[in-house]
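J.: The sequence and its predicted three-dimensional model are supplied below.
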Amino acid sequence: MKYIIIGLGNYGHVLAEELSVLGHEVIGADISESRVDSIKDKVATAFVIDATDELSLAVLPLNSVDIVIVAIGENFGASIRVVALLKQKKVQHIYARAIDAVHRSVLEAFNLEKILTPEEDAARSLVQLLDFGTNMEAFRVDSEYYVVKFSVPEKFIGYFVNELNLDEEFRLKLIGLKRANRIENCLGISLTEHSIVNELPENDKIQEGDELVCYGKYRDFQKFWKAL
């Protein structure tokens with residue numbers, strides 16, 4: 001796929017570099033010459049332009065790429081103006097980064113394809129790690145609902161699946177379980193491998209190393225973590 005990334009700060013830089021490594025064609029743009037210099041050898045093309053200027057923005061092939069990502073965060077005014085210009089130029093697929101709730105609310109008025117909230121998501125992930133004490137992966141479905149995969153807490157081990165009462169107590173739907181199995185690789189080294197358990201019999205006991213996959217509202221996950 002082809003991407004244009006406008007704004008090559010920390011977030012935009014990593015985004016551009018990672019997409020390029022995966023084989024995508026990435027065009028970067030930033031007002032800072034030093035930022036462009038730091039990425040130009042890692043992407044297809046990079047431009048030093050002021051994207052808030054309509055004539056400067058016109059040098060980018062806006063309508064011949066799959067997605068245009070506005071990665072500008074700190075400069076609220078620049079972010080909004082660039083998005084407005086892209087909409088004016090009838091760019092079909094626009095993603096934009098929002099750094100707070102006000103920024104996101106304004107971007108929502110443009111009816112964009114996707115609003116990115118990396119700071120919020122990263123902060124929530126860190127809180128979950130610090131408070132819950134285990135690594136977890138979360139997928140945001142919308143502003144309220146998440147799918148979260150996490151290692152079972154120690155207090156869950158030995159309980160039957162139907163004894164967890166996640167749905168009744170916390171309104172969280174258990175949609176999957178990954179069972180931890182010990183295997184040996186070709187060198188005889190013991191490793192933990194997880195496999196999906198498609199059927200969840202009620203008399204199945206939770207084992208150490210298992211991972212649960214649940215769906216629900218973020219505030220209900222908060223209540224669940226607090227209860228633990």
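T.: Perfect, I can see it now. Numbering: from 1, shown residues only.
J.: Okay, helices next: where are they in the protein?
T.: Here the chain has its helices, by DSSP state H, at 10-21, 33-39, 54-57, 76-88, 101-108, 118-132, 166-170, 218-227.
J.: Could you work out the end-to-end span of stretch 34-50 for me?
T.: End-to-end distance for stretch 34-50, by Cα to Cα, to the nearest Å: 14 Å.
J.: circling back: dump the helices of the chain into CSV; add mean neighbour count as well.
T.: C-betas here are computed from N, CA, C, even on glycine. As requested, the helices of the chain are arranged in CSV below (neighbours: other Cβ atoms under 10 Å):
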stretch, mean neighbour count
helix 10-21, 18
helix 33-39, 15
helix 54-57, 14
helix 76-88, 18
helix 101-108, 14
helix 118-132, 13
helix 166-170, 13
helix 218-227, 16
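J.: so which of those helices comes closest to Asp210?
T.: helix 166-170 (13.7 Å; Cβ to Cβ).
J.: got a list of what the residue nearest to Leu177 when sequence neighbours are not counted touches?
T.: Nearest non-adjacent residue to Leu177, counting by Cβ to Cβ, 6 or more residues apart in numbering: Val197, 4.6 Å away. By Cβ atoms under 8 Å, 6 or more residues apart in numbering, the residues touching Val197 are 176-179, 204.
J.: before we move on, back to that, confidence-wise, which of the helices of the chain is weakest overall?
T.: For the helices of the chain, mean pLDDT drops lowest on helix 118-132, to a mean of 67.
J.: thinking again about what came up before, for the residue nearest to Leu177, give its distance to Asp142.
T.: 27 Å (Cβ to Cβ, to the nearest Å).
J.: Please apply the same query to Ile72.
T.: Applying Cβ to Cβ to Ile72 and Asp142 gives a distance of 24 Å.
J.: Then Lys217?
T.: Taking Cβ to Cβ, one finds Lys217 at 10 Å from Asp142.
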